[in-house]
Structure formats: structure tokens, C-alpha cells
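Asks: Build me a structure from this.
(one chain, ligands or ions: 1)
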Amino acid sequence: MSQARYEQQGEVAVITMDNPPVNGLGFELRRGIVESLMRAKADDSVKAVVITGAGRAFSGGADIREFNTPKALAEPNLHTVIREIEASNKPVIAAVHSVAMGGGLELALGCHFRIASTGAQIALPEVKLGILPGAGGTQRLPRVVPLEMALNMIVTGEPVKSEKFKGTRLFDEIVEGDVLPAAIAFARKVVTDKLGLPKVRDLKVVHPNPQGYLQFARNTVRAVARNFPAPLRCVEAVAASVSMPFEEGIKAERAGFLDLVQTPESRALRHAFFGERAAAKIPDVPADTPLRPIETAAVVGAGTMGGGIAMNFANAGIPVTVLEANKEALDRGIGIIRRNYENTAKKGRIKPEDVEKRMALIRPTMSYDDIRNADIVIEAVFEDMPVKETVFKKLNEVMKAGAILASNTSTLDVDKIAAFTKRPQDVIGTHFFSPANVMRLLEIVRGAKTAKDVLATTMKLAARIRKLGVVSGVCDGFIGNRMIEQYSRQAGYMLEEGATPQQVDRAIEKLGFAMGPFRMSDLAGNDVGWYIRKRRYVERPDMKYPKIADKICELGRFGQKTGAGFYRYEPGKRDAIADPVVDELIAAHRKELGITPRKLTDDEIVHRLIFALVNEGAKILEEGIAMRASDIDMIYLSGYGFPLHRGGPMLYADMYGLYNMVNRMNEFAARAAQTPNGDPSAWTPAPLLLKLLEQGKGFND
Ligand code: T1G
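Replies: Have a look, this model is predicted:
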């Protein structure tokens, strides 16, 4: 069945794009539109054509699922469709509602007239996918809206509400309510008033000093676009709309589009776009699973994490009760929440009155009785199993039937925690990342007995509190922390072999990481890792570890909170300053091990850190702890500062080539075998990695 429905209303033919969910302009739909246009053209009773979209969008643009596949460019491609519309000998009117983005807006720009309903999101968001509008958007939009507004839309990709275009030539009418009848009436008027077939391409870009403005735009964009080539190419494409005849401008735009769509940055951005949406899909939990209502929440523990978690609920307008054992800790926690809101209001990110509104949603208490009717309770107490046991036994006793009992544990076994209750089906892990009210990532840890509706409800709640929920199975460290442990081990080994903390940090930060391993450890607190390693030494005596981090901790150098760690810090400052004390400690340790320090290249540093992540990620995938490779990438992009333009560790490996990666791992293993305290086994490729390599596949295929 054609994805372009055709019906006639009197002398007006109505073509309705119908390719759920957002009328992506895929090959089938493009063909359907052209066939419908031909049909209208051949029918003398048709005097005008209206094009609109079914469902929730006019059109969300090119069907990005077709990218880098033959269908994306198969004729009729979007250019051809738009040319057929523009060349039509009968007026074509776009009836735009809800969403007109990317190719969807470009298609409307090829029409002779455009009618929009208010509130419609109008955008050319291609730059967010690492490309540029490739079907005339950079040439037509500046011809119907002011140059600066057009350029800003194309370089930022941000949507603008349709009513903001009042007074421009983008829309001939902007109407309240249903746009289709208005568009059909307008079409009739075009015919009776003989309004002709005006083409956007025939208009001129108007600006008092276009070259001056464009140079300013180039300088501004160059300064901020850093790792992404697309924004600057967007400026050049728009510049062509000013300096070139239309057809030349189209060619310049096309060249830019074809260059960008092949870039690794664009592949990474598209991967992140789909990865975010895929994360919410749980294969064995049907999308229509009935959810448990979440009207109220409770948090046990008013510490840093508990306070941040409570803020997420208040921010989403969900009343939340914060339970703390002692008054002083409770008052301190609530005070910190208030200060956070006041600071946010000072920065203008929320209105002053929002501070009180949100504080009013947060109810402090020291009594479990006050939380018994909450729909979800999140435990955020000390990371110690006996403490969790006490809390969950109490929650089991107190909470109403059907309440979701969540733990914010960052590494402990959620199945063991569930076993403290008589309702393991209601228990789930909700691992927030510090600061909990800021970091988008939420690892949702699915226990063996966690009910499907509890999982589905928690995933939905994640979106509601503006978190990126990613499902993890139960293992030590879940997904993110289990991988970061291997990353930290390699970082420590490289100090033993000859690198300095600043060299390791600088190398990975040059790749685009927000923070290298040693600055990150100093920020999080070196004692956190130390505590886990001491547990590991008992549980996993077979696993070898570099020892410099332990020695740093034995000196009480826990990082920023003690004024010194791998670096030293001036009081009240966060700048990491190289500290000769650390260099001496490292030198002494190397001597003790009998290591002659060697020069490590940035390339070795970067790839030992990343491939340590990837190899562990492959094991996590194989064990079913992570449902898909893109989930692992989303965790690293949103929770660990992995550079977006690289798409995450698993995509990085795919783009590097698994064959090449395994060769590097063999090189690292050989080196580790010759290094005192080295651990060649860290580089044994995960079976899944070898399997994919054999099949010539990548993690994200
Ligand atoms: N193609 C295919 N599927 C798309 C899509 C698209 N363009 N946009 C969204 N989807 C899917 C999405 O994967 C999800 O699928 C569902 O729709 C709902 O999305 C030549 C080449 C349109 C504002 O970049 O910004 O045109 O998970 O959860 O919050 O110049 O989706 O349900 O199976 O985001 O209501 C440019 C990207 C393409 C628009 C709707 N267009 N999409 O938001 O729902 S490049 C875009 C969005 C282009 C031309 C170039 C948003 C939305 P599923 P959702 P939403």
C-alpha cells in the first residue's frame, strides 16, 4: 500500500504522507508522493494539490534509517520529489502541523504556498546528525526568512515554533487548530484568485551586509564547533545562497552533504540518536506492558546522592518524601537541596518562584510511616550490604503493596538486596550518577526476579525525570563501573611503566574525554576505588592490580576532598597541579618493581584505555548484562564523558576495526608479559570479539 494516500476534495487533490511514526521520507513514501503528483497532474478535474502528513507529524524529515543504504539516494530522491512539486503546473500547498523537520521542511519549501498550524515545530536539525540540510534547505530557507534567523536555525538545528515566522514568507497563513481545512480553502483561493505558481527559488536573499555577517558567523562557529565539521559547512552552504545562482547553490549544498554524511562524526551522532531511542526498548518486555502509577516518591538517605535523587522528582513535579535517620543529617541534606535550587535560580535557569515550588514538593521526615504510601522508594544509603539489609527489611515491612523498592547501589548485588524482602519482584536497581540531579545517565539494574511491569515503569519514569535509562543485568559494577575498572587498571599500569598522571590524562582528554582517569579519580575520591579494590583483593585474589593508587591512598591523598591525590589542589580550587611528591612515589614504586621507565606514546595510552573498556564491554554483552552494544555506548556518552563525536567505546572499536584492535591487544599483551607486575591476561580478547572478527562484523552491526 502506498505510503502517500490520495483523495480528492472537489477540485483539490489531497496527498497525505503516511509512514509512521513521523512520516520519514523513505523511498516508498517519496515514490508515493511523486505518483500522486502525476495522478493529480493528469486529472483535469484537479486544479490544486494539498500535501499534509498523517498522525503526529507533517514529516520528521528524511528517513534516517535509510542512511548509508542504497535506498537513501534511490530515485526518486528527495531532490527529485521537490523538483516535481516545484515544477507542477498546478499549485501545491503544504499543510504543515506538529513537526516539519529536515527534509520535511525542505519538501514544504518546494511547495508554492505553505499553511501552518500554530505550535508546529519547524527545524532543519541535520547539523545534530553531523550533516547539513541536503535537499535545498540551505538555499530556500534564507530566501523566505531573514538570513540571520535561517543561518541560526541551520547551524544550531534547534526547532522554532511556527508562529514565530509571522511576517516572513515561510508561511502564507498560520492558523489555530486543524490546518487541513485551512489549506484546502487556501488552495481554492489560489485557483479562484489566480495566485499563480510562486517558487521560493526565484526569491532573493535580503540582508544589508551579507558578507560581513557571514564572516562574523564563520568566526563564531569556528570557535565553538571544535570536534564537529558540520556547523562550518552549514555556514558555507548558506553563504552560497547569497553569492550563487540557485542551481549553483544547490550543487554546493549537495557537495557539503555528501562529504559530511561519510564522516565518522556524522556516524557517531546518528549512532547516538538511534542509541538513545533503542535503550528504552526491552526485548522481552512488550511496549504496551501496563505500568504501575507513579504519583509520589520517597528517598531513603539525605546524603549527596539522596538529595540529588529527590531533586529529580521535584523537578518533574512529583512529590517526594526524604527520610533520614538523624535530624542533623536531614536538615543538612534539605539545606543543600535548597542551596542548589537557589544557585540554579541565580544563574537564571529556573525562576526564583520555582525554588519554593520545588522545595514544597520535598517533604523531610525521620519516620518510615511517612513514606509507606509512596509509589516508589529509592534507597540511597551507605554502600554497605548490612546497611542495605536493614533498610530493605524495613521497607518490606512498611511500604504499601505494589510499591517499587529501588536501590541506588552502584555495585552491590541487587538480587541479594531483593532477597532481604518478601517481594523481590518489586525490587530494582536505579543507579544514579553523581551529581544525581545533573547527570543524565540512569543504569536500571534488572534483578533476576524483577517484574516486567516494574522494569517498564522504571524505564518510563527515567524519561519522566529526564534521565537516559539503560538496562543492566546484575554483576559487580553493572555496565559502566565494571568497564571503568579495566580502564583504571590500564591507567595504573601505565604509571608503573613510565607515564605520568598528567600525560595519561592529557592524552585521553585530547581525544575528547571530559576528564582523564586521574583527574576523574581525584574528583570522585580515590578512596572510593581503594575501598572497592580492597574488597576485590579478597574476592578475586587471582586478579593483578597496579599498586600506585593504593600507595596514594595510604598517604591519605584521596583527591580534591583532601587537597591532594594524583595531583595537588590549592585550597578552594579545583585546578589539578602536578605534584613532585607523586612523581617521587611513582619512581620509588618502579624501582621496587625493577621497572626501567619507558616513553609511552599518546596513541598507546589512548588505545590501552579504550580497548580495555571495549574488551570488558564485549564480555558484558556476551553475558547478557547489556542488551546491545549501543546501550554500552549510551552509558559512556552520557555517564563517563566519552566524546560524542566518537560515538562511544563500542562504535570507536567498530570504526577502528576489530581486526586492528585485536592486533593492538596482542601487542599490549606481549609488552605486559615482559613488564614486572604486568598482566598479559588483561588483553585476552573476549570470545564475542573474536567471533565478530571472524564474521567480519562490528559490535553495532
Ligand atoms: N526518520 C526515521 N525515524 C525517525 C525520524 C526520522 N527522521 N525521526 C524520528 N524517528 C523515529 C524515532 O527513531 C522513534 O522511533 C520515533 O520516530 C519517535 O521519535 C535531506 C537528510 C521528529 C521531533 O533529524 O527530532 O532530513 O523508537 O522518540 O520525541 O536534509 O524524533 O518509536 O521506533 O524522538 O515525538 C532530519 C529527528 C533527518 C528529525 C519526534 N530530521 N527526529 O520527536 O519522538 S535528515 C531529524 C526528531 C534529513 C534532509 C536530511 C524527533 C521528532 P521508535 P521520538 P518525539
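
Asks: from the stretch 351-500 of the chain, which residue is nearest to the ligand?
Replies: A463 (9.4 Å; CB to the nearest ligand atom). The C-beta positions use only the backbone N, C-alpha and C, and glycine is treated the same way.

Asks: The ligand contacts on the stretch 201-350 of the chain?
Replies: Within the stretch 201-350 of the chain, the positions near the ligand by CB under 6 Å from any ligand atom are R277.

Asks: For the ligand, what's the nearest residue on the stretch 201-350 of the chain?
Replies: R277 (4.0 Å).

Asks: what's the answer for the stretch 101-250 of the chain, then?
Replies: G102 (2.6 Å).

Asks: Spell out which parts of this protein neighbour the ligand.
Replies: Residues of the chain lying near the ligand (CB under 6 Å from any ligand atom): 21-22, 24, 57, 60-65, 78, 99, 101-103, 106, 125-126, 129, 133-135, 137, 277.

Asks: Just the buried residues out of these, in ChimeraX syntax.
Replies: Here is the ChimeraX selection string for the buried members of those, based on 16 or more other CB atoms under 10 Å:
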select :22,24,57,60,61,62,63,64,78,99,101,102,103,106,125,126,129,133,134,135,137
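
Asks: and the residues of the chain next to the ligand, which of them are in strands?
Replies: Judged by DSSP state E, those include 99, 101 as members of strands.

Asks: Cross the residues of the chain next to the ligand against helices and list the overlap.
Replies: Counting by DSSP state H, the part of these found in helices is 78, 103, 106, 137, 277.

Asks: show me what contacts the fourth one?
Replies: For G137, the contact set (CB atoms under 8 Å, 6 or more residues apart in numbering) comprises 102, 105-106, 109, 124, 126, 154, 253.

Asks: cool, and the third one?
Replies: Contacts for E106 were tallied using CB under 8 Å, 6+ apart; they are 61, 78, 82, 124, 133, 135-137, 140.

Asks: One more pass at 7 Å, please.
Replies: 78, 82, 133, 135-137 (CB atoms under 7 Å, 6 or more residues apart in numbering).

Asks: Could I get those in TSV, plus columns for pLDDT and distance to K534?
Replies: Below are the contacts of E106 laid out as TSV (pLDDT from 0 to 100; distance: CB to CB, whole Å):
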residue	pLDDT	distance to K534
L78	94	60
I82	97	65
P133	97	55
A135	96	59
G136	97	63
G137	98	58
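
Asks: Quickly name whichever of those is closest to E570.
Replies: Ranked by distance to E570 (CB to CB), the contacts of E106 are led by P133 at 48.3 Å.

Asks: contacting residues around the closest residue to that closest one other than its chain neighbours?
Replies: Leaving aside its chain neighbours, P133 sits nearest to L124 (4.5 Å; criterion: CB to CB, 6 or more residues apart in numbering). Shown in contact with L124 (CB under 7 Å, 6+ apart): 102, 105, 133, 137, 141, 153-154, 157.

Asks: Could you do I378 as well?
Replies: So I378 contacts 299, 309, 406, 408, 430 (CB under 7 Å, 6+ apart).

Asks: Where does the first one fall, secondary structure wise?
Replies: This means V299. Element membership for V299 (DSSP states H and E) is strand 297-300.

Asks: who does that strand pair up with?
Replies: Strand 297-300 has its sheet partners listed here by DSSP bridges as strand 320-323 (parallel), strand 376-379 (parallel).

Asks: Can you tell me which of those strands is most buried?
Replies: strand 376-379 (a mean of 27; mean count of other CB atoms under 10 Å).

Asks: could you give the mean pLDDT of that strand?
Replies: Across strand 376-379, the average pLDDT comes to 98.

Asks: on that earlier part again, now the strands paired with strand 297-300 as JSON lines including distance to R349?
Replies: Formatted as JSON lines, the strands paired with strand 297-300 follow (distance: least, CB to CB, whole Å):
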{"stretch": "strand 320-323", "distance to R349": "20"}
{"stretch": "strand 376-379", "distance to R349": "24"}
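
Asks: pLDDT weak spots in the stretch 251-400 of the chain?
Replies: For the stretch 251-400 of the chain, no stretch is flagged by pLDDT under 70.

Asks: In it, mark out all the helices, start to finish.
Replies: 264-279, 304-315, 327-346, 352-360, 385-398 (DSSP state H, counting those that start in this stretch).

Asks: Buried deepest among those helices, which one?
Replies: helix 304-315 (a mean of 24).

Asks: Can you check what angle separates it from helix 327-346?
Replies: 50 degrees (axes from the mean of the first three to the mean of the last three CA atoms, to 10 degrees).

Asks: Tell me the helices and strands packed up against helix 304-315.
Replies: With contacts taken as 3 or more CB pairs under 7 Å, 6 or more residues apart in numbering; DSSP states H and E, helix 304-315 sits against strand 297-300, strand 320-323, helix 327-346, strand 427-432.

Asks: quick one: what helix or strand has the residue of the stretch 351-500 of the chain closest to the ligand in it?
Replies: Per DSSP H and E: helix 452-464 holds A463.

Asks: what does that helix contact?
Replies: 280, 282, 285, 289-292, 294, 316, 404, 425-426, 428, 430, 442, 444, 446, 469.
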